[in-house]
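A.B. asks: Structure of the sequence below:
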Amino acid sequence: MKALRRGKWVILLLTALSMQGMAQVSDLDLLAESGSAPTVKFGQAKKAKQKAFLRFNPVYWMLNGALTGYQKVISPQISAECLYELSCSRFSRAAIQEFGIFKGIALSADRISRCNRVAATSIELIRISPQTGRVIDLPSMYRQNVKTSK
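C.D. replies: Residues are numbered from 1 along each chain as shown. Next up is the predicted model:
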C-alpha cells in the first residue's frame, strides 16, 4: 500500500516536471503563426473627406445635431459602461460620415442591438483590446474589400 502511494507521488512529480519543459504558447500566438489571425491596424485614423452631398444635406445635419445633443446632454447622465472601445454614438457618427446616411443608420442600428452583455458572449476574443479590455469595432471594418481582376 505504501509503495502504491509512493508510486502515485512519483508519477505526479514526473508529470509536473514534464509540463514545465513544454513551451507555453498562447492562442493568439498560434493564430498569428497560422496566418488566420485578423489584422487590425492601430494608430491614427485617417479623416475621410466629407462628400459634397453630406455637406449640404439637412437630414445629415439633423442626425449630426441629434448625436451631438445625445453625447453632450443625455449620455453623461446615464453613465453606462460601453462594451466597445468606440462608443455607440461615436461609432454612429463615424459610420454616417464614412458610408452615408442609409448605410450609416443601418450599421448604427446593428451596433446598438449588439451593445449588451448577452451579445458580448459571442464576441471573438481576438477583437478585445489588451490595453482597454474593450471590443474593437470600427466602421472601417465593415468596408468590403472588392478585388478586381485585371
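
A.B. asks: and after the helix or strand hosting M62, which helix or strand comes next?
C.D. replies: Following DSSP states H and E, the helix or strand that holds M62 is helix 58-69. Under the assignment DSSP H and E, the closest C-terminal helix or strand after helix 58-69 is helix 75-78.

A.B. asks: Could you point out the helix or strand that follows that following helix?
C.D. replies: Counting by DSSP H and E, the next helix or strand C-terminal to helix 75-78 is helix 88-99.

A.B. asks: elements contacting that next one?
C.D. replies: Applying 3 or more Cβ pairs under 8 Å, 6 or more residues apart in numbering; DSSP states H and E, we find helix 88-99 packed against helix 58-69, helix 101-113. C-beta coordinates here come from the backbone N, C-alpha and C atoms, glycine included.

A.B. asks: And those helices, which one averages the lowest pLDDT?
C.D. replies: Mean pLDDT is lowest for helix 58-69 among the helices and strands packed on helix 88-99, at a mean of 84.

A.B. asks: contacting residues around that helix?
C.D. replies: Contacting residues not belonging to helix 58-69 are listed as 54, 89, 92-93, 96, 101, 105 [Cβ atoms under 8 Å, 6 or more residues apart in numbering].

A.B. asks: can I get those residues in TSV with neighbour count and distance to Q144?
C.D. replies: Below are the contacts of helix 58-69 laid out as TSV (neighbours: other Cβ atoms under 10 Å; distance: Cβ to Cβ, whole Å):
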residue	neighbour count	distance to Q144
L54	17	20
S89	19	25
S92	25	20
R93	20	21
I96	23	18
I101	15	19
I105	16	18
